[in-house]
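J.: Attaching a predicted model along with its sequence, questions to come.
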Amino acid sequence: MASAALICDTHPWKTLKAHVEDIKKTHLRDLMSDSERCKSMVVEFDGIIVDFSRQQATVDTVDKLYNLAEAAHLKEKIHHMFNGERINTTENRSVLHVALRAPRDAVIKSDGKNVVPDVWNVLDKIKDFSERLRNGSWVGATGKQLTDVIAIGIGGSFLGPLFVHTALQTDPEASKFAKGRQLRFLANVDPIDVARNIAGLHPETTLVVVVSKTFTTAETMLNARTLRAWISKELGPSAVAKHMVAVSTNLTLVEKFGIDPNNAFAFWDWVGGRYSVCSAVGVLPLSLQYGFSIVEKFLKGASSIDQHFSSAPFEKNVPVLLGLLSVWNVSFLGYPARAILPYSQALEKFAPHIQQVSMESNGKGVSIDGVPLPFETGEIDFGEPGTNGQHSFYQLIHQGRIIPCDFIGVVKSQQPVYLEGEVVNNHDELMSNFFAQPDALAYGKTAEQLQKENVPQNLIPHKTFSGNRPSLSILLSALDAYKIGQLLAIYEHRVVVQGFIWGINSFDQWGVELGKSLATQVRKQLHASRTKGEPVEGFNFSTTSLLKRYLEESSDVPKNPQTLLPRI
Ligand SMILES: O=P(O)(O)OC[C@H]1O[C@H](O)[C@H](O)[C@@H](O)[C@@H]1O
């Protein structure tokens, strides 16, 4: 394939570069005084309002970004994705996570084959299995009902399901279905995570779901063997069949591990790990906890955004607009980070999930054709729920570095609290901050204002806020399963839009491989030194010294250990 020109060589990119100077001349507080501008910088879709008037941008900027989208062939690339083309060229795969939430009668093809029936076969199987487990027709080896689930998985096989689970936990409708049940996630190979996960649980009433796209991830497989030992030790090896199931694309390895393929829930190589929460990766554990009907609502929410993303004109297209604005912030205004700040405790695991979706997708150094990029891609994503973050890192955001912020608020709380005699309820208090923070960032506070307030001269520099700091406000009408699905899909597509504009492959992750292969070398050394007393060899001075110290100070580790499981 002929190597395509880099986006930075196009006319629209250069025009935007030149446009930065114009934008920097006007402070956000002046931009905000133009109500016509503000009015045109709000989009609304299906109960979600996105106000981007506090971006350092004008209507002209947005028009220029549309030109950039055209130069990047954004429309065509979105179409190619939905069309099942193999746009993940380095792995020769299509990218079809949208098929995971498509209605039963939809037609989405990969290699000429409609994949939607396969998706629904697995969904039907999950529905059936989760209903049997929840109503007690599937019981454990001793005949007891399985009320607790530990999902073992890491990265994309963990963060998305954890986010959705955390968000549903306090939803009144979902929580009704979760009474008497527990869902836990074992991600880290750290034995402390094992200890914390099994604490207070008994194998007799626990189902372990091993979630791994490849079924080769070292941490997940070791944790799976650990929990298999936990079950066997207590209930005998034959109990594993009743207490362990799997989610994977690699059913051969599932069987090799000793899990009955009938108790395996498949997905496909056209689903990227970080885009897999709508596959059995998320749907199985969440259905076990909340019932399939709740999870179906979540899928419908995501699907509503998929339809919007693939069909709405760019001026009204939420993920497209958000993606373009992120490119503007990163590539033109030069802001390397983005803070995701949900004013909802239920969304406390949203930023960690989007961190993987975004940073693993777009943290690339070469174009999709392998050409080194002369500009940075991706951004550093982080975040915490408001108002907690305000009492932690907001200082830096207000007076230190400029970090574009996403403020996410919800109109109706999942769990309202009203106190007699209190005029402002908890949710109003929370939302007062959601509305105030974006203006504090945009407007700032000048030395003149401080002088008028008789602030002592020596404190004026410390109390001045430069303002002119961009943010987005996203207001959701509520936070139920449907809205959670919508929010997920908006961010997934936004990240993809950014990657499409930058001309990179947002669907591979070669950058995680090097560290993994070096760990294999260390693992072999630890084994050889412990079992055969072999000296530490083949590492640099620093690693050799640290490894020696580690081996010396952990010399009490048994060479041929008996199974020992943590107990707390
Ligand atoms: O689902 P698995 O195959 O176990 O992979 C788990 C995770 O590990 C890898 O290192 C990748 O960086 C992630 O994208 C992936 O989600």
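T.: Received, thanks.
J.: Quickly note the distance from the closest residue to the ligand within the stretch 201-350 of the chain to I484.
T.: Nearest residue of the stretch 201-350 of the chain to the ligand, counting by Cβ to the nearest ligand atom: G273, 2.8 Å away. Where C-beta positions appear, they are placed from N, C-alpha and C, glycine not excepted. Separation of G273 from I484 (Cβ to Cβ, to the nearest Å) stands at 20 Å.
J.: what do you get for V59?
T.: Relative to I484, and taking Cβ to Cβ, V59 is found at 32 Å.
J.: Could you list the contact residues of the stretch 451-568 of the chain toward the ligand?
T.: By Cβ under 6 Å from any ligand atom, the residues of the stretch 451-568 of the chain that approach the ligand are 509, 512.
J.: Could you rerun that using 8 Å?
T.: 509, 512, 516 (Cβ under 8 Å from any ligand atom).
J.: next one: the stretch 151-300 of the chain
T.: So the stretch 151-300 of the chain meets the ligand at 153-158, 211-217, 220, 248, 272-274, 276, 281 (Cβ under 8 Å from any ligand atom).
J.: my guess is V43 meets V50, correct?
T.: Yes: if you go by Cβ atoms under 8 Å, V43 and V50 touch, sitting 5.1 Å apart.
J.: wait, doesn't H165 sit right on S287?
T.: No: judged on Cβ under 8 Å, H165 makes no contact with S287 at a distance of 11.3 Å.
J.: any idea how far the residue of the stretch 301-450 of the chain found nearest the ligand is from S40?
T.: Closest contact between the stretch 301-450 of the chain and the ligand, by Cβ to the nearest ligand atom, is at E360 (5.7 Å). Using Cβ to Cβ, E360 is found at 34 Å from S40.
J.: The two: which has the busier surroundings?
T.: E360 (22 against 15; other Cβ atoms under 10 Å).
J.: In space, what's closest to the more buried one - neighbours in sequence excluded?
T.: Q509 (5.0 Å; Cβ to Cβ, 6 or more residues apart in numbering).
J.: just V98 next, same as before
T.: D306 (4.5 Å).
J.: Can you get me a residue count around that neighbour?
T.: By other Cβ under 10 Å, the residues close to D306 number 26.
J.: go on, the one 3 residues further on?
T.: A count of neighbours around F309, defined by other Cβ under 10 Å, yields 25.
J.: just use 46 as the starting number from now, easier for me
T.: Taking 46 as the first residue, the last one we looked at is F354.
J.: For it, list the residues it contacts.
T.: 123, 362-365, 534, 538 (Cβ atoms under 8 Å, 6 or more residues apart in numbering).
J.: what ranges of this structure fall below the confidence cut-off?
T.: The model of the chain has pLDDT under 70 over residues 46-49.
J.: try 50 this time
T.: Counting by pLDDT under 50, the ranges of the chain that qualify are 46-48.
J.: Please list all residues in contact with the residue nearest in space to the middle of it.
T.: Nearest residue to the geometric centre of the chain (Cα atoms, centre = their mean): H398, 2.3 Å. The contact partners of H398, taken as Cβ under 8 Å, 6+ apart, are 204-205, 207-208, 322, 533.
J.: Looking at these, state which has the most neighbours.
T.: Result: V322 is most packed of the contacts of H398 (other Cβ under 10 Å), 31 neighbours.
J.: Now the nearest residue to it once chain neighbours are set aside: which helix or strand?
T.: Leaving aside its chain neighbours, V322 sits nearest to G205 (2.9 Å; criterion: Cβ to Cβ, 6+ apart). Assigned by DSSP states H and E, G205 belongs to helix 204-213.
J.: Just give me how far that helix sits from the chain centre.
T.: When C-alpha coordinates are averaged (Cα atoms, centre = their mean, to the nearest Å), helix 204-213 and its chain have centres 9 Å apart.
J.: likewise stretch 523-535?
T.: Stretch 523-535 sits 13 Å away from the centroid of its parent chain (Cα atoms, centre = their mean).
J.: what's the answer for stretch 561-576, then?
T.: For stretch 561-576, the distance to the chain centre is 31 Å (Cα atoms, centre = their mean).
J.: Dump that stretch to PDB, keeping only the CA atoms.
T.: Extracted C-alpha coordinates of stretch 561-576, given in PDB (Å, rounded to 0.1, in the frame of the first residue of the first chain):
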ATOM      1  CA  LYS A 561       6.200  -8.600  29.100                       C
ATOM      2  CA  SER A 562       9.100 -10.400  27.300                       C
ATOM      3  CA  LEU A 563      11.700  -8.900  29.700                       C
ATOM      4  CA  ALA A 564       9.500 -10.200  32.600                       C
ATOM      5  CA  THR A 565       9.800 -13.700  31.100                       C
ATOM      6  CA  GLN A 566      13.600 -13.500  31.200                       C
ATOM      7  CA  VAL A 567      13.400 -12.500  34.900                       C
ATOM      8  CA  ARG A 568      10.800 -15.200  35.700                       C
ATOM      9  CA  LYS A 569      13.200 -17.800  34.200                       C
ATOM     10  CA  GLN A 570      16.100 -16.400  36.300                       C
ATOM     11  CA  LEU A 571      14.100 -16.500  39.500                       C
ATOM     12  CA  HIS A 572      13.100 -20.100  38.900                       C
ATOM     13  CA  ALA A 573      16.700 -21.200  38.000                       C
ATOM     14  CA  SER A 574      18.200 -19.400  41.000                       C
ATOM     15  CA  ARG A 575      15.700 -20.700  43.400                       C
ATOM     16  CA  THR A 576      15.600 -24.300  42.300                       C
END
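J.: Can you report how many residues neighbour the closest residue to the residue of the stretch 246-395 of the chain closest to the ligand other than its chain neighbours?
T.: Nearest residue to G318, sequence neighbours excluded (Cβ to Cβ, 6+ apart): G201, at 2.9 Å. Neighbour count of G201, defined by other Cβ under 10 Å: 26.
J.: Which residues are in contact with G201?
T.: 258, 317-322, 326, 401.
J.: ok, of the residues you listed, which come out buried?
T.: Among these, those scoring as buried are 258, 317-322, 326, 401 (criterion: 16 or more other Cβ atoms under 10 Å).
J.: could I get those residues as CSV with secondary structure?
T.: As requested, the buried ones among the contacts of G201 are exported to CSV (DSSP: H, G, I helix; E, B strand; the rest coil):
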residue, secondary structure
K258, coil
G317, coil
G318, helix
R319, helix
Y320, helix
S321, coil
V322, coil
V326, helix
Q401, helix
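J.: Wasn't L386 part of a strand?
T.: Yes: assigned with three-state DSSP, L386 falls within a strand.
J.: Please name the residues that touch it.
T.: L386 neighbours (Cβ under 8 Å, 6+ apart): 396, 428-431, 434, 450-453, 482.
J.: JSON lines please, covering those residues and showing distance to R226, neighbour count and secondary structure.
T.: Listed next are the contacts of L386 as JSON lines, based on distance: Cβ to Cβ, whole Å; neighbours: other Cβ atoms under 10 Å; DSSP: H, G, I helix; E, B strand; the rest coil:
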{"residue": "A396", "distance to R226": "26", "neighbour count": "23", "secondary structure": "helix"}
{"residue": "G428", "distance to R226": "29", "neighbour count": "22", "secondary structure": "coil"}
{"residue": "E429", "distance to R226": "28", "neighbour count": "19", "secondary structure": "coil"}
{"residue": "P430", "distance to R226": "25", "neighbour count": "21", "secondary structure": "coil"}
{"residue": "G431", "distance to R226": "30", "neighbour count": "24", "secondary structure": "coil"}
{"residue": "G434", "distance to R226": "31", "neighbour count": "22", "secondary structure": "helix"}
{"residue": "C450", "distance to R226": "36", "neighbour count": "25", "secondary structure": "strand"}
{"residue": "D451", "distance to R226": "32", "neighbour count": "23", "secondary structure": "strand"}
{"residue": "F452", "distance to R226": "33", "neighbour count": "24", "secondary structure": "strand"}
{"residue": "I453", "distance to R226": "28", "neighbour count": "26", "secondary structure": "strand"}
{"residue": "Q482", "distance to R226": "37", "neighbour count": "23", "secondary structure": "helix"}
